[in-house]
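**Q** need coordinates for the below:
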Amino acid sequence: MANIKFSGFTEATTVAGVGFLVGYDGVNNVRINPASMLSLYLPLTGGTLSGLVYQDSLGGSTYFGDFAGVSDDLNTNGNTGFGDAALLSSTTGESCVGIGYAALIASTVGDDHTAVGYAALSSMDIDSRSTAIGSFAFSNAEAAYNGVAIGSSAGTVDSLGEAVVNADYSIFIGGSSRPKAEGNNNEIVIGAYAEGNGSNTATIGDTDVTELHLVKPGAALALRSPNGTIYKISVSDAGAIVIV
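**A** Numbers count the residues shown, from 1 in each chain. Take a look at the predicted model:
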C-alpha cells in the first residue's frame, strides 16, 4: 500500500472490531494498537473511559493509577492494583490486591495479600497472606503471615506506640486496635482502641467496656481445663453460678 497522509483514510467512530489503527508519521504509514492509542491520548486530554476496559499482556493482572504495578514482570501473576503507586514494587508476587494510594507499595515477591485503603500494608515486602482493610492498616508490618487488620490504623502500633513490624497469625478488628507488644503472634484484639494482652490471647473491647453479654437465655461460657475437660459456666434463674 502506498504511503498516503492520514487525512486520506476513511474515518471510524469506534474501535469495535478494529485490530489496529493506522497513522502517518510524516514519512511512513504506522500501525498502532488501539489500547496503546488510548493510553497515550487520555493523559493528554483528561479524557475518561466508560464501559468495559480490556487490558492485554499483563499476565492476568489489572492496574490503574500512576506507577501502579509498574515493576510487575507480567508473568501470569494475577494481581489487581488500583490507585497511585499501588503494588508499585511487586515483581513476581502473585494473587495480590492493592486498592488505594500506596497500598502494598513495598511488596516485591509476596503472594496472596489483600490491602484496601491509603497506605494499607505499605511496608510489607516478602511475607504472604496478609489482609489489611482501612487507611494505614498494618502499615508498618513486614511479617504478618495470615494476619488480619480491619479499621483505620489497625495493627499499626503496639500499646507503647512502637511500630508493629511482626504480627503473624494475629487479628486486629477496630480502628487503632493494637497488640500488647510488637512481635506478638496469634493475638486477637477486637474493638476500637482495644489493646491486646500478649501472644496466644484474645481480647474484646477497650477499658471502657464494662459488660460482656451472651444474649440467649441459658447460654453458658465454656472453659477447657489443662487436661482438656470442658466445663460450662452458666447462671440459674435465682442468680446462682452453675458449673457443669
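
**Q** can I get the CA coordinates of stretch 221-228 in PDB?
**A** The C-alpha trace of stretch 221-228 is given here as PDB (Å, rounded to 0.1, in the frame of the first residue of the first chain):
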ATOM      1  CA  LEU A 221     -19.400 -19.900  78.900                       C
ATOM      2  CA  ALA A 222     -17.300 -23.000  78.000                       C
ATOM      3  CA  LEU A 223     -13.800 -23.300  79.500                       C
ATOM      4  CA  ARG A 224     -11.300 -26.000  79.000                       C
ATOM      5  CA  SER A 225      -9.100 -27.400  81.800                       C
ATOM      6  CA  PRO A 226      -5.400 -28.200  81.400                       C
ATOM      7  CA  ASN A 227      -6.300 -31.900  80.800                       C
ATOM      8  CA  GLY A 228      -8.800 -30.900  78.100                       C
END
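
**Q** contact partners of that stretch?
**A** With contact meaning Cβ atoms under 8 Å, 6 or more residues apart in numbering, stretch 221-228 is reached by 214, 230, 231, 232, 233, 234. Using the backbone N, CA and C atoms, a C-beta is placed for each residue, glycine as well.

**Q** could I get these as JSON lines with distance to residue 94?
**A** Shown next, in JSON lines, are these (distance: Cβ to Cβ, whole Å):
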{"residue": "214", "distance to residue 94": "42"}
{"residue": "230", "distance to residue 94": "41"}
{"residue": "231", "distance to residue 94": "46"}
{"residue": "232", "distance to residue 94": "45"}
{"residue": "233", "distance to residue 94": "47"}
{"residue": "234", "distance to residue 94": "48"}
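
**Q** could I get these as CSV with pLDDT and neighbour count?
**A** CSV is the format used below for these (pLDDT from 0 to 100; neighbours: other Cβ atoms under 10 Å):
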residue, pLDDT, neighbour count
214, 91, 11
230, 96, 9
231, 95, 12
232, 95, 12
233, 96, 12
234, 95, 16
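
**Q** what's the neighbour count on residue 156?
**A** A count of neighbours around residue 156, defined by other Cβ atoms under 10 Å, yields 26.

**Q** now do the strands in the protein.
**A** 21-24, 29-32, 62-64, 80-82, 97-99, 114-116, 131-133, 148-150, 171-173, 188-190, 202-204, 221-224, 230-235, 241-243 (DSSP state E).

**Q** and the ones you listed: which comes nearest residue 74?
**A** Smallest distance to residue 74 across these (Cβ to Cβ): 10.3 Å, for strand 62-64.

**Q** distance from the closest one to the middle of the chain?
**A** Strand 62-64 sits 14 Å away from the centroid of its parent chain (Cα atoms, centre = their mean, to the nearest Å).

**Q** swap in stretch 73-90?
**A** 12 Å.

**Q** so which bits of it are buried?
**A** Of the residues in stretch 73-90, 77, 79-90 count as buried by neighbour count, 16 or more other Cβ atoms under 10 Å.

**Q** then stretch 106-118?
**A** Within stretch 106-118, the residues scored as buried using 16+ other Cβ under 10 Å are 106, 107, 108, 110, 111, 113, 114, 115, 116, 117, 118.

**Q** can you list these in JSON lines and add pLDDT and distance to residue 182?
**A** Output for these, formatted as JSON lines (pLDDT from 0 to 100; distance: Cβ to Cβ, whole Å):
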{"residue": "106", "pLDDT": "97", "distance to residue 182": "18"}
{"residue": "107", "pLDDT": "96", "distance to residue 182": "20"}
{"residue": "108", "pLDDT": "95", "distance to residue 182": "23"}
{"residue": "110", "pLDDT": "94", "distance to residue 182": "20"}
{"residue": "111", "pLDDT": "97", "distance to residue 182": "24"}
{"residue": "113", "pLDDT": "98", "distance to residue 182": "20"}
{"residue": "114", "pLDDT": "98", "distance to residue 182": "22"}
{"residue": "115", "pLDDT": "98", "distance to residue 182": "20"}
{"residue": "116", "pLDDT": "98", "distance to residue 182": "24"}
{"residue": "117", "pLDDT": "98", "distance to residue 182": "21"}
{"residue": "118", "pLDDT": "98", "distance to residue 182": "22"}
